[in-house]
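Attaching a predicted model along with its sequence, questions to come.
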Amino acid sequence: MTKKNAIKLFESKQVRVHWDDDSEKWFFSIIDVIEILTESPRPRKYWNALKTKLNKEGSQLSQNLGRLKMKASDGKMRVT
């Protein structure tokens, strides 16, 4: 695992990250961040419900939200 796709720790919990050389930006797994901040047992479900609620309230999420493949705890690359 390199700096570009290393796992970062936040309060002793893992957050998957990816460094993009072209844009020179870090990308973080929102699912991992939600799991840490909310302590939700189902962070993906929490994120989907939050997006739906924000949409109903008239908020607009960035069009640049994308799903990246990042290494999961089982070592496989999964979309997050």
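On my side now, so go ahead. Numbers count the residues shown, from 1 in each chain.

Going by C-alpha atoms from here, please, whenever you check contacts or count neighbours.
Will do.

Next, the buried residues of the strand ranked longest in the chain.
Counting residues, the longest strand found in the chain (DSSP state E) is strand 13-20. For strand 13-20, burial by neighbour count (16 or more other Cα atoms under 10 Å) applies to 14-19.

That strand: what's the following helix or strand?
strand 25-28 (DSSP states H and E).

ok, how many other residues are close to the residue nearest to residue 79 when sequence neighbours are not counted?
Excluding the flanking residues, the one nearest residue 79 by Cα to Cα, 6 or more residues apart in numbering is residue 69, at 4.1 Å. Using other Cα atoms under 10 Å, residue 69 has 14 other residues around it.

Export only the CA atoms of the longest strand of the chain, formatted as CSV.
Output in CSV follows, covering the C-alpha atoms of strand 13-20 (Å, rounded to 0.1, in the frame of the first residue of the first chain):
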residue,chain,number,x,y,z
LYS,A,13,-10.7,3.8,13.0
GLN,A,14,-9.8,3.3,9.4
VAL,A,15,-10.6,5.7,6.6
ARG,A,16,-9.8,4.7,3.0
VAL,A,17,-8.2,7.4,1.0
HIS,A,18,-6.8,8.0,-2.5
TRP,A,19,-4.4,10.6,-3.8
ASP,A,20,-5.0,11.9,-7.4
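
distance of the closest residue to residue 54 other than its chain neighbours from residue 13?
Distances taken as Cα to Cα, 6+ apart place residue 60 nearest to residue 54, at 7.2 Å, with adjacent residues excluded. Residue 60 sits 29 Å away from residue 13, going by Cα to Cα, to the nearest Å.

Over to residue 49?
Distance from residue 49 to residue 13, by Cα to Cα: 23 Å.

residues near residue 35, how many?
Around residue 35 there are 19 residues (other Cα under 10 Å).

Am I right that it sits in a helix?
Yes: counting by DSSP: H, G, I helix; E, B strand; the rest coil, residue 35 falls inside a helix.

Look up how far residue 13 lies from it.
9 Å.

likewise residue 56?
Taking Cα to Cα as the measure, residue 56 falls 32 Å from residue 13.

which residue is nearest the middle of the protein?
With distances taken as Cα atoms, centre = their mean, the residue of the chain nearest its centroid is residue 29 (1.7 Å).

Fine, thanks again, bye for now.
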